[in-house]
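[1] Please find the sequence and the predicted model below.
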Amino acid sequence: SKLVLQPFDTTKTLLQAARKSKSLSGTIVKASNYNMIDTAVGVVRKQGVRGLYRGLSGSVATSTPSSALFFTAYEAAKQSLKGSVPERLQWSVPMMAAALANVVASGVRVPPEVVKQRMQTGMYTGGFITSAVRLFREEGPRGMYTGYWIQLLRDVPYAALQFVTYE
């Protein structure tokens, strides 16, 4: 799915970045073109189709460990919570377990996401590892977790609702 959806993710990231930075938007798409089609076409014209796949290697390489950590934490939290939550509130166990698991998994998910987005916007060139090292050297651990809290605000409620309705 990452292979199919990566161009959409790259386009979304570029649209978000272009609205914030005139200099960044000028390197990838015209600053006045704030729609998906113009952005994607602009990337293909300037960078070829490969430009739509910037950051894919890091995304693929980290999605498996992140998902594995999420589901491991989810199952552990679910088992732990089952014994401590009253019977009448057992319906909420998957919701709480998913929220906790997302906090844990985001610790692994966010740094590669930051690197991928910087690659997509053209801030970093080269491979994923080179870009990750550069980010760490320039901004340290704090830079690796840029957007951690906002991602939790987005993903924790989503996961909680998804798993309470799924289970």
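    Now that the structure is in, tell me what you want to look at.
[2] Please count neighbours and contacts with C-alpha atoms only from this point.
    OK.
[3] Now do the helices in the chain.
    2-20, 22-28, 36-47, 56-82, 93-120, 128-144, 148-166 (DSSP state H).
[4] The ones you listed into a markdown table, with extra columns for mean pLDDT and mean neighbour count?
    Below are the helices of the chain laid out as a markdown table (pLDDT from 0 to 100; neighbours: other CA atoms under 10 Å):
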| stretch | mean pLDDT | mean neighbour count |
| --- | --- | --- |
| helix 2-20 | 81 | 17 |
| helix 22-28 | 48 | 17 |
| helix 36-47 | 86 | 16 |
| helix 56-82 | 90 | 17 |
| helix 93-120 | 93 | 23 |
| helix 128-144 | 95 | 15 |
| helix 148-166 | 90 | 15 |
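[5] just checking, residue 115 touches residue 130?
    No - using CA atoms under 8 Å, residue 115 is not in contact with residue 130; the gap is 9.8 Å.
[6] Please name the residues that touch the most centrally placed residue in the chain.
    The chain has residue 113 as the residue nearest its centroid, 4.4 Å off, counting by CA atoms, centre = their mean. Residues near residue 113 by CA atoms under 8 Å, 6 or more residues apart in numbering: residue 59.
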